[in-house]
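S.K.: Predicted structure and sequence below. I'll ask about it afterward.
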Amino acid sequence: MNPLLVRPIRLLAVVALCVLATTAFSKKQAKQATPAAAKAPATPVNPNFVKAIGNPSAPITMEVFGDFQCPACRGFFEATTKQVIDDYVIPGKVYLVHRDFPLEMHPFARQAAQLANAAAEFGKFEDMERALYDHQDEWSTRGNIDQVVGGAFSAAEFKKFQAFETQHISEINASIERDRALGMQRNVNQTPTVYITTKGKTEALPGGGVDYKLLKSYLDYLLRQ
Amino acid sequence: MATTAIPSEASSRSCAWPGVLLAVGRIVLGSIFIIAAYTKLHFDGAWHFGDYHFFFAMAIDSYKMLPTSMVQWMARFLPWGELGLGLLLISGYGLRWSGLAATALMAVFIYAMTHAYILKLEIMCGCFGNNEKVGPLTLIRDSSLLVLALAVTIGAFVLENRRDTAPS
């Protein structure tokens, strides 16, 4: 070998080794960091307000534009969403995403959405969604959400949600507005409106909620594809 | 000679009018049925031959009038029925019966929409795709189509009757 080339080759080899070692080390670090990151943080530092249930890499993503004070949304949640969670979300077939779309006609819908966003930051979105819909009749007339829904959580836990909501209200409102803007962009004109995304293709289902049996046949069809 | 020719020409011209009107009516009605079928099979920028019935079934089901099995059956066949009916109306073949079928179908649609409207169901019409809510406008539009279908049917029966009774 030409002695003039030996030095640069050695240098290149050293650099390549360094790059490989750094990559391997950072991957190991990332692997170690994942379980900790997956845990719900005690006090979220960078809130992202992900109101979702299930595995993000599921083959189907189901987005529901909903309003916690809307009776049709409650009907859809009780009759369809709960079954979708049991049959598709828990087995990892569907990733269920809630999008806030509080309607002007419902005076307490935004307040409920704010609380749900705060709970989401502590990994409690699913429980909060259930509590809000299950007790909708009790809070939707007087707006006493905290009083009614608080009973579904421990006092300490609910205090954390409330404190977080107070501290991050502007970020929470911005998150709600982002969801609303997405809905407007997609011409959502009623709640609940459901979007199904699979293989990069998004389809809107007829607005106003969908019967579980019909939705199930559609989801099964998509999963067979 | 001229005095006898003019009234006969005029009467033959006036006799042609109902036929022309009927032809226009059936072509308009037939085209609307074809458009209705098209919007159920082609939406969101693509043909949905494999899955159109899921979306349409959800739209029919939102009227809360039929059991799920019947909803699924209707969703599968109705768009093709509308397409066939539209083609029959445009061709004019068996017009009395296709007119009757169109009238009956429109009457069923209006009954379902009125039922939903009275019950204040906030649902999509499903008439021309899934993008318009049931409301006064959809009711007026479909009622106009019912009147047109009825006119075509009556016209088809009257003309057929005239043809049968006309001296050869």
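M.R.: Structure received.

S.K.: pLDDT score for the nearest residue to residue A:140 once chain neighbours are set aside?
M.R.: Closest residue in space to residue A:140, ignoring its immediate chain neighbours: residue A:69 at 5.1 Å, by Cβ to Cβ, 6 or more residues apart in numbering or on different chains. Every C-beta, even on glycine, is put in place using the N, C-alpha and C of the backbone. Here, the pLDDT recorded for residue A:69 equals 96.

S.K.: I'd like the next helix or strand past the lowest-mean-pLDDT helix or strand in chain B.
M.R.: Lowest on mean pLDDT, DSSP states H and E among the helices and strands of chain B sits helix B:2-41, with a mean of 79. Per DSSP states H and E, the first helix or strand lying C-terminal to helix B:2-41 is strand B:42-43.

S.K.: That following strand vs chain A: in contact?
M.R.: No - using Cβ under 8 Å from any Cβ of the partner chain, we find that strand B:42-43 stays clear of chain A, coming within 8.7 Å at best.

S.K.: Direction included, what does that strand pair against?
M.R.: Looking at strand B:42-43 with DSSP bridges, its partner strands are strand B:46-47 (antiparallel).

S.K.: Now do the strand it pairs with: distance to the chain's middle.
M.R.: For strand B:46-47, the distance from its own C-alpha centre to the chain's C-alpha centre is 23 Å (Cα atoms, centre = their mean, to the nearest Å).

S.K.: which element follows it toward the C-terminus?
M.R.: Going down the chain from strand B:46-47, the next helix or strand is helix B:52-61, by DSSP H and E.

S.K.: Which secondary structure elements does that following helix sit against?
M.R.: With contacts defined as 3 or more Cβ pairs under 8 Å, 6 or more residues apart in numbering or on different chains; DSSP states H and E, helix B:52-61 has these neighbours: helix A:212-224, helix B:2-41, helix B:68-91.

S.K.: what sits up against that helix?
M.R.: Applying Cβ atoms under 8 Å, 6 or more residues apart in numbering or on different chains, the contact partners of helix B:52-61 are A:203, A:205-206, A:210-211, A:214-215, A:217-218, A:221, B:40-41, B:43, B:48, B:66, B:68, B:71-72, B:74-76, B:78-79, B:123-126, B:130.

S.K.: Flag every buried residue along stretch A:91-108.
M.R.: Under the neighbour-count criterion of 16 or more other Cβ atoms under 10 Å in any protein chain shown, stretch A:91-108 has A:93-103, A:106, A:108 buried.

S.K.: let me redo that: stretch A:198-205
M.R.: A:198, A:203, A:204, A:205.

S.K.: now swap in stretch B:43-61 and tell me
M.R.: B:43, B:48, B:52, B:53, B:54, B:55, B:56, B:57, B:58, B:59, B:60, B:61.

S.K.: For stretch B:134-146, output the C-alpha coordinates as CSV.
M.R.: The C-alpha coordinates for stretch B:134-146 follow below in CSV (Å, rounded to 0.1, in the frame of the first residue of the first chain):
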residue,chain,number,x,y,z
VAL,B,134,-81.4,16.7,6.7
GLY,B,135,-83.3,19.9,6.9
PRO,B,136,-85.9,22.1,5.1
LEU,B,137,-83.8,22.5,2.0
THR,B,138,-83.2,18.8,1.5
LEU,B,139,-87.0,18.2,2.1
ILE,B,140,-88.0,20.9,-0.5
ARG,B,141,-85.5,19.5,-3.0
ASP,B,142,-86.7,15.9,-2.6
SER,B,143,-90.3,17.0,-2.7
SER,B,144,-89.7,18.7,-6.0
LEU,B,145,-88.2,15.5,-7.3
LEU,B,146,-91.2,13.6,-6.1
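
S.K.: quick one: least confident of the buried residues of stretch B:43-61?
M.R.: Scanning these for pLDDT, the low point is residue B:43. It has 90.

S.K.: which non-adjacent residue is nearest that residue?
M.R.: Distance criterion Cβ to Cβ, 6+ apart; nearest residue to residue B:43, sequence neighbours excluded, is residue B:129 at 5.3 Å.
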